[in-house]
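Enquirer: next come a sequence and a model predicted from it.
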Amino acid sequence: MIDAVASEWLKLRSLRSTYHVLASTLSALALTGFAAFSISKYFDTKGPGTEPVGTGLALGADIPPVLFGVLGVLAISGEYGTGMIRLTLTTVRRPWIVVAAKAVVVAAVAAIAGQLLAFATYLTAQAVVGGRPIGASLSEPAVLTQIPAAGVCCAVAAVTGLSLATILRSTPGALVALVALLLVPAGVERFLPAPWNDLVASLTLSSLAEQLAGVPGSGAFGPSTAVAVLAVHVTLLLLAAILAITKRDA
């Protein structure tokens, strides 16, 4: 297993798309900075009553999961496109080890990069807000939990993308499925009656990150339930991916 993880880490590092995707996550910083600037200007004009910036993590929360999901997709879809997956499965006799090793690598990379991005997002928002009372200090308990929670959800998104690409064996198909899975619920919930709208909204990754951090009013679940939902999400997708690669590709 260790050798398989080392091999997958080497593969991921050798892909130019890995660096392109990681660089593109910086777009979340630009969006956060712009949103924080707009809110700050409104505060300066209208005074108290405007929506607070808080940690700033919610301002661009939908971008990182999608991009880290793309990282997971590209970690295996290229092998299907070039046929290298056959060599991989010949070298590693147990297909489930291939999926597990790739999942470990993409999850680790996404968690670390997502953590750094979350911290950079927070610092960007606070730098724009300045001394206005619409930001959030590191001394506030919610801040110290929201930043790690954002990193966890980036890892979940990466494993989601990897699983979908393994199941579908198609880069375009996996990308469409990824975007649908991560973003469509946020749009659908607006048309649902209560309490279904709140439940569906609570199941999005960005919302689960806040619920995992225990942010008040962030959704229908508490931290422990959010952990359980994320665990079930990852487990079911990985099992489906392992089943697909074992029955079809082995």
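Expert: Perfect, thanks for sending it.
Enquirer: show me the shaky parts of this protein.
Expert: Scanning the chain with the threshold set as pLDDT under 70 gives 49-50, 249-250.
Enquirer: pull the longest helix from it.
Expert: Longest helix in the chain by number of residues (criterion: DSSP state H): helix 95-129.
Enquirer: in terms of secondary structure, what does that one contact?
Expert: When contacts are defined as 3 or more Cβ pairs under 8 Å, 6 or more residues apart in numbering; DSSP states H and E, helix 95-129 packs onto helix 2-14, helix 27-46, helix 63-82, helix 84-91, helix 141-168, helix 223-244. (C-beta placed from N, C-alpha, C; glycine too.)
Enquirer: now the angle from that helix to helix 223-244?
Expert: Computed by axes from the mean of the first three to the mean of the last three Cα atoms, to 10 degrees, the angle separating helix 95-129 from helix 223-244 equals 140 degrees.
Enquirer: so how far is helix 95-129 off the chain centroid?
Expert: Distance, stretch centre to chain centre, for helix 95-129: 8 Å (Cα atoms, centre = their mean, to the nearest Å).
Enquirer: tell me the buried residues in stretch 1-13?
Expert: 4, 5, 7, 8, 9, 11, 12 (16 or more other Cβ atoms under 10 Å).
Enquirer: dump it to PDB, keeping only the CA atoms.
Expert: Extracted C-alpha coordinates of stretch 1-13, given in PDB (Å, rounded to 0.1, in the frame of the first residue of the first chain):
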ATOM      1  CA  MET A   1       0.000   0.000   0.000                       C
ATOM      2  CA  ILE A   2       2.800   2.400   0.800                       C
ATOM      3  CA  ASP A   3       4.500   1.700  -2.500                       C
ATOM      4  CA  ALA A   4       1.200   2.300  -4.300                       C
ATOM      5  CA  VAL A   5       0.700   5.700  -2.500                       C
ATOM      6  CA  ALA A   6       4.300   6.700  -3.400                       C
ATOM      7  CA  SER A   7       3.600   5.800  -7.000                       C
ATOM      8  CA  GLU A   8       0.400   7.800  -7.100                       C
ATOM      9  CA  TRP A   9       2.100  10.800  -5.500                       C
ATOM     10  CA  LEU A  10       4.700  10.700  -8.200                       C
ATOM     11  CA  LYS A  11       2.000  10.500 -10.900                       C
ATOM     12  CA  LEU A  12       0.100  13.500  -9.400                       C
ATOM     13  CA  ARG A  13       3.200  15.600  -9.200                       C
END
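Enquirer: which phi and psi does residue 135 have?
Expert: phi -100, psi -160 (degrees, to the nearest 10).
Enquirer: ok, so of the buried residues of stretch 1-13, who is nearest residue 153?
Expert: residue 12 (19.7 Å; Cβ to Cβ).
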